[in-house]
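Visitor: got a predicted structure plus its sequence, pasted below:
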Amino acid sequence: MTSSLRDLKVYTTYPHRCSYLEGEEATTLFIDPRQSVDQTLYSNLSLLGFRRSGNHIYRPHCNHCNACIPARVPVAEFRPGRTQRRCLTLNDDLQATVRSSVSDDECYALYDRYIRMRHADGDMYPPDRDQYESFLNNPWGCTDYVEFRLDGVLLAVAVVDVMIDGLSAIYTFYDPDHEKRSLGRYAILWQIERCRREGLPFVYLGYWIRNCRKMAYKADYRPLELLVNNQWQRSTEGLTESF
């Protein structure tokens, strides 16, 4: 049975180094990890700007900063731009398969290469098998793992949470030797098309952060809706301006 949002217990972390903005401190709000979670509760929390990492549901809760803005794509109105259409064409030869787990050695080996070659300066370096599984696996039974293969060879994996009102793009890792394919971009476009086929209205992209280069790509998916002052607002332009 889904709990009322009013009944949820939440905790905040001590201030810690911000992962997105250099020189900034961050505080994170967490839902009580003992809370029973199902797809409905998870979806309702997503509407309020929460995300997940493993089985932890969280939202930034910084005293002097509101740079992390939840973003989602309204699928019915999305039209791919020129670069996105080129990406779709370039990856038209890939085969997508949805799986229920990424605990096998093949997927972990791809993740290991991706982190070592693309994110050696990040929080997930060096890659670790236990951290990998705790970060990506979801105990609530609403996560799909989408493998993208070329002639049987694994090139990318997208971790996708299935919400009541759409899909949530959790993480994508891919073969660094295929950089020109823009597989991260393609994974999001694939999710948008899946939502269109299944009649789901939104793809949730996580947090858009104006001054963070790693998050800049989210502004490429237009129109974009941003959660500002606890209301989802359409923004078709001006994503570099203040909200």
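Guide: The structure has been received and is ready for your questions.

Visitor: where in the protein is pLDDT low?
Guide: Where the chain drops to pLDDT under 70, the residues are 1-4, 236-243.

Visitor: again, only using 50
Guide: Filtered on pLDDT under 50, the chain yields the residue ranges 1, 240-243.

Visitor: need the longest helix for it.
Guide: Secondary structure assigned by DSSP state H gives helix 183-198 as the longest helix of the chain.

Visitor: what packs against that one?
Guide: Judged by 3 or more CB pairs under 8 Å, 6 or more residues apart in numbering; DSSP states H and E, the packing partners of helix 183-198 are helix 82-90, strand 143-150, strand 153-163, strand 166-174, strand 202-208. C-beta here means a position set from N, CA and C on the backbone, and glycine is covered the same way.

Visitor: how near is Ala120 to Tyr132?
Guide: Applying CB to CB, to the nearest Å, the value for Ala120 to Tyr132 is 16 Å.

Visitor: return the distance of the longest helix of the chain from the chain's centre.
Guide: Relative to its chain's centre, helix 183-198 lies at 12 Å (CA atoms, centre = their mean, to the nearest Å).

Visitor: what residues of that helix count as buried?
Guide: Buried residues in helix 183-198, counted by 16 or more other CB atoms under 10 Å: 183-192, 194-195.

Visitor: what does that helix rub up against?
Guide: Residues from elsewhere that reach helix 183-198, judged by CB atoms under 8 Å, 6 or more residues apart in numbering: 73, 75-76, 78, 80, 83-84, 87-88, 90-91, 94, 96, 146, 148, 155-156, 158, 160, 166-167, 169, 172, 174-175, 200-203, 205, 217, 220-221.

Visitor: so how far is the helix or strand containing Val98 off the chain centroid?
Guide: If you go by DSSP states H and E, Val98 is part of strand 95-99. Put simply, strand 95-99 sits 18 Å off its chain's centre (CA atoms, centre = their mean).

Visitor: and what of stretch 134-149?
Guide: Going by CA atoms, centre = their mean, where stretch 134-149 is centred and where its chain is centred differ by 12 Å.

Visitor: same question for stretch 41-59.
Guide: Worked out by CA atoms, centre = their mean, stretch 41-59 lies 11 Å from the chain centre.

Visitor: buried subset of the contacts of helix 183-198, written for ChimeraX?
Guide: Remark: buried members of these, expressed as a ChimeraX selection using 16+ other CB under 10 Å:
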select :73,75,78,80,84,87,88,90,91,94,146,148,155,156,158,160,166,167,169,172,174,175,200,202,203,205,221
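
Visitor: ok, Val162 - contacts?
Guide: 39, 142-144.

Visitor: need the contact partners of the strand holding Val98.
Guide: Contacts for strand 95-99 (CB under 8 Å, 6+ apart): 144-150, 190.

Visitor: Ser43: which of those is nearest?
Guide: Distance to Ser43 across the contacts of strand 95-99 (CB to CB) is lowest for Asp144, with 14.9 Å.

Visitor: now for the closest residue to Cys212 other than its chain neighbours: which residues touch it?
Guide: Spatial nearest neighbour of Cys212, excluding adjacent residues (CB to CB, 6 or more residues apart in numbering): Tyr20 at 4.5 Å. By CB under 8 Å, 6+ apart, the contact list for Tyr20 reads 26, 67-68, 207, 209, 212, 214-215.
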